[in-house]
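Participant: Fold the following for me, if possible:
(one chain, ligands or ions: 1)
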Amino acid sequence: MKNEPRQKLIDEVLKRSEAKTWDEAKLEWTLDDAYYLKSDKEATCVCGHKGLTYMFKLINKKTKEELFPVGRDCITKFGIDELNESLENFLQFRRLINAVKKNVKITIETETTEAFLDGCESLAVRTRLINCALLTYLYRKDAFKTKDNPYYPWTDYAVLFDIAKRKKPTSGEIARAQSMIDKIIIPFAKKYIENEEKNEKDDKKEDSDRWFFKLK
Ligand SMILES: [Zn+2]
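Facilitator: Purely as a prediction, here's the structure:
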């Protein structure tokens with residue numbers, strides 16, 4: 001079955017867990033850190049799957065043991081909401097970073113024929129990128145703390161989050177959201193990329209083939 005975890009993953013998890021069955025043991029794990037690889041490097045998941053682009057480290061909450069490197073497919077095999085959410089937030093953030101790197105213009109489409117699944121995905125449909133979970137993730141990363149608003153980043157976040165949920169935002173709200181994307185989110189992403197590139201250059205270790213990415 002496609003959704004079943006590979007036996008090798010089950011074995012590696014059980015070796016490091018308190019519980020003796022997969023169904024119980026998988027609940028002991030939480031996502032700790034993510035790494036991404038230099039373009040010419042490859043990694044192999046603990047399950048044996050080759051060619052990972054992102055590697056994740058899982059920590060067992062009871063035994064404190066680590067499981068590394070784990071690919072994203074194997075993380076979804078745990079079937080735990082908290083793990084899936086952390087993974088999805090990370091991937092969504094990387095999509096934003098990659099889009100800004102490629103100079104993709106992030107604009108809010110005013111006309112859209114797509115039916116919204118729910119209010120919270122309205123902005124996601126309109127920008128094809130920025131969803132509510134990503135806004136919260138960016139807020140936690142201090143993206144809303146800007147020169148213009150250093151003390152109350154929550155207020156900007158709340159405004160944008162509120163507009164992001166509207167099924168039919170007014171043209172004024174769309175303009176406001178677009179301006180916040182241009183003045184807060186894009187500059188934050190650019191600065192983030194700049195730092196990342198700087199870290200990559202500073203990274204002089206010969207054997208260093210991966211970069212750390214803080215998840216929380
Ligand atoms: Zn795997």
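Participant: near the ion, which residues of this structure?
Facilitator: Residues of the chain lying close to the ion (Cβ under 5 Å from the ion) are C45, C47, H49, G71, C74. Placement of C-beta: from N, CA and C, glycine included.
Participant: Report pLDDT for the second one.
Facilitator: On the pLDDT scale, C47 is placed at 95.
Participant: cool, the last one as well?
Facilitator: C74 carries a pLDDT value of 95.
Participant: Tell me the strands beside the lengthiest strand in the chain, with direction?
Facilitator: Ranked by residue count under DSSP state E, the longest strand found in the chain is strand 29-37. Paired neighbours of strand 29-37 in the sheet (DSSP bridges): strand 54-60 (antiparallel), strand 210-213 (antiparallel).
Participant: The residue nearest the centre of the chain - nearest residue in space that isn't next to it in sequence?
Facilitator: For the chain, the residue nearest the mean C-alpha position is F90 (1.1 Å; Cα atoms, centre = their mean). Nearest residue to F90, sequence neighbours excluded (Cβ to Cβ, 6 or more residues apart in numbering): A34, at 5.5 Å.
Participant: The one you found bridge partners, please.
Facilitator: For A34, the beta-bridge assignment (DSSP bridges) gives partners F56, F213.
Participant: What is the neighbour count of it?
Facilitator: By the criterion of other Cβ atoms under 10 Å, A34 has 23 neighbours.
Participant: buried sites along the longest helix seen in the chain?
Facilitator: What stands out as the longest helix in the chain, according to DSSP state H, is helix 81-101. Neighbour counts over helix 81-101 (16 or more other Cβ atoms under 10 Å) mark L83, S86, L87, E88, N89, F90, Q92, F93, L96, A99, V100 as buried.
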